[in-house]
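> quick one: sequence plus predicted model below, questions after.
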Amino acid sequence: MPTVAPLDLEGHVVAAHFLGDTPFFATAAGEIRRLDGGEKVTEAHNGLLTCVKDPFSAALLTGGEDGKVMRIAGDGTATQIAEAPRKWINVVAGGPQGAVAYAHGKSSVVVLADGSAKEFAEERTVEALAFAPKGLRIAAARYNGVSLHWVNTQLPAADLDWKGAHTGVTFSPDGRFLVTTMQENALHGWKLDGKAGEARHMRMTGYPSKVKSYSWSPKGKWLATSGAPAAIVWPFSAKDGPMGKAPLELGTRANILATCVAFHPVEEVLAIGFIDGMILGVRVGDGKEALLRRPGKGAITSMSWSSNGKLIAFGSEAGDCGVIDISA
């Protein structure tokens with residue numbers, strides 16, 4: 001049976017992440033707490049709005065109500081990347097070659113490793129940003145679609161249009177697909193490697209609730225999502241992705257919503273957090289389930305695996321969080 005080391009923090013836990021095998025917890029008050037031979041605290045913001053793991057480096061990236069964009073290193077050191085006075089920074093993303101992106105209002109800004117910045121004007125408010133896995137290309141999700149920018153060229157943005165509000169954005173690990181979460185209970189996707197004139201849209205609908213969490217399997221074969229009383233897992237291994245294929249439903253629980261999903265770093269094993277605080281581990285191949293945590297005080301809002309795949313850090317909206325050791 002997995003063991004759970006609980007950690008009670010005041011207020012909402014915005015994110016739980018690992019840098020290597022050290023767990024970090026970011027609170028809405030602006031503290032970054034890490035469990036590294038005891039609990040240690042970094043004061044990052046006066047009000048923290050977002051905290052993401054940089055997929056291209058061993059660091060966390062944060063944005064706050066104080067208009068600052070910060071990089072948090074594995075030892076807890078906080079370095080300011082950018083500042084937009086009197087703006088709330090709730091969208092940040094990490095990219096290749098040390099690039100960091102953030103957004104406020106109708107502007108996307110990319111800060112390069114040398115400190116220089118490039119700003120891209122959007123027609124509507126930027127809701128989410130993501131870097132492509134290769135090349136310095138950024139996707140900005142907004143109302144009625146996504147804008148794709150090559151950071152180091154003067155080329156105009158490529159627009160991917162689909163009516164409605166797009167609230168999250170992610171590239172598949174191989175860069176062949178782009179998927180957004182929407183304000184309505186749906187995902188929308190585009191096939192980026194199709195021939196000119198090919199139908200590129202992918203509609204992924206049928207959710208009873210909004211999709212707020214998603215996670216790619218290690219090799220990009222599957223995209224797991226929250227928003228239903230199970231994890232909805234879409235197949236992306238075929239050349240047309242999930243078009244014409246039904247998703248898997250893993251960890252089904254009657255009328256209890258899955259609120260957070262996180263794939264194991266190496267294996268096709270999915271951690272699923274629910275609105276009642278329960279966490280299940282499910283193997284994609286056969287649907288075999290393991291109870292990782294019993295229900296708690298609040299909905300699971302964030303989960304992350306350690307680099308060795310033996311630990312899961314989790315956070316909830318009630319502040320009851322902790323670390324699960326699945327090797328126990």
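The structure has been received and is ready for your questions.
> which SS state does the closest residue to residue 310 other than its chain neighbours fall under?
In this structure, residue 310 finds its nearest non-sequential neighbour in residue 327, 4.3 Å apart by Cβ to Cβ, 6 or more residues apart in numbering. For every residue, glycine as well, the C-beta is placed using N, CA and C. Three-state call for residue 327 (DSSP: H, G, I helix; E, B strand; the rest coil): coil.
> ok, which stretches of the stretch 151-300 of the chain are strands?
Counting by DSSP state E, counting those that start in this stretch, the segments of the stretch 151-300 of the chain that form strands are 158-171, 177-182, 187-191, 201-204, 214-216, 222-225, 231-235, 248-250, 258-263, 269-274, 279-283, 289-293, 300-305.
> okay, buried residues for the longest one please.
Taking 16 or more other Cβ atoms under 10 Å as the basis for neighbour counts, the residues of strand 158-171 that come out buried are 160, 162, 165, 166, 167, 168, 169, 170, 171.
> could I get the contacting residues of the last one?
This means residue 171. By Cβ atoms under 8 Å, 6 or more residues apart in numbering, the contact set of residue 171 is 130, 131, 132, 133, 139, 177, 178.
> same check on residue 291?
Counting by Cβ under 8 Å, 6+ apart, residue 291 makes contact with 278, 279, 280.
> give me the distance between the second one and residue 271.
Yep, that's residue 279 we're talking about. As for residue 279, its distance to residue 271 is 6 Å (criterion: Cβ to Cβ, to the nearest Å).
> now do the shared contacts for the two.
Listed as contacting both residue 279 and residue 271 by Cβ under 8 Å, 6+ apart are 292, 303, 312.
> contact partners for the residue lying closest to residue 321 once chain neighbours are set aside?
Leaving aside its sequence neighbours, residue 321 sits nearest to residue 315 (Cβ to Cβ, 6+ apart; 4.1 Å). Residue 315 makes contact with 13, 14, 15, 16, 25, 300, 301, 302, 303, 321, according to Cβ under 8 Å, 6+ apart.
> turn those into JSON lines, including pLDDT and neighbour count.
Shown next, in JSON lines, are the contacts of residue 315 (pLDDT from 0 to 100; neighbours: other Cβ atoms under 10 Å):
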{"residue": "13", "pLDDT": "87", "neighbour count": "27"}
{"residue": "14", "pLDDT": "91", "neighbour count": "22"}
{"residue": "15", "pLDDT": "95", "neighbour count": "22"}
{"residue": "16", "pLDDT": "96", "neighbour count": "27"}
{"residue": "25", "pLDDT": "95", "neighbour count": "28"}
{"residue": "300", "pLDDT": "95", "neighbour count": "32"}
{"residue": "301", "pLDDT": "92", "neighbour count": "21"}
{"residue": "302", "pLDDT": "96", "neighbour count": "23"}
{"residue": "303", "pLDDT": "97", "neighbour count": "25"}
{"residue": "321", "pLDDT": "91", "neighbour count": "26"}
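> specify which member of those is nearest to residue 50.
Ranked by distance to residue 50 (Cβ to Cβ), those are led by residue 14 at 6.8 Å.
> ok, how many other residues are close to the closest residue to residue 209 other than its chain neighbours?
Once flanking residues are discounted, residue 209 sits nearest to residue 227: 4.7 Å by Cβ to Cβ, 6+ apart. Residue 227 has 24 neighbours, counted by other Cβ atoms under 10 Å.
> surely residue 227 meets residue 214?
No - Residue 227 is beyond contact range of residue 214, at 9.2 Å (criterion: Cβ atoms under 8 Å).
> ok, back up a step: tell me the one among the contacts of residue 315 nearest to residue 31.
Comparing the contacts of residue 315 against residue 31 with Cβ to Cβ places residue 25 closest, at 8.3 Å.
> residues near the residue nearest to the closest one when sequence neighbours are not counted, how many?
Closest residue to residue 25 apart from its sequence neighbours, by Cβ to Cβ, 6+ apart: residue 33 at 4.7 Å. Residue 33 has 20 neighbours, counted by other Cβ under 10 Å.
> list the contacts of residue 33.
Neighbouring residues of residue 33 by Cβ under 8 Å, 6+ apart: 7, 9, 24, 25, 26, 27, 39, 40, 41, 42.
> same question, residue 201
For residue 201, the contact set (Cβ under 8 Å, 6+ apart) comprises 162, 188, 189, 190.
> related to what we said a few turns ago, joint contacts of residue 227 and residue 214?
Common contacts of residue 227 and residue 214, defined by Cβ under 8 Å, 6+ apart, are absent altogether.
> take the contacts of residue 171 and keep only those in helices.
The helices, defined by DSSP state H, take in nothing from these.
> now for those: which two are most distant?
131 and 177 (14.7 Å).
> of the contacts of residue 291, which is the nearest to residue 53?
Distances from residue 53 to the contacts of residue 291, taken by Cβ to Cβ, are shortest for residue 279, at 18.8 Å.
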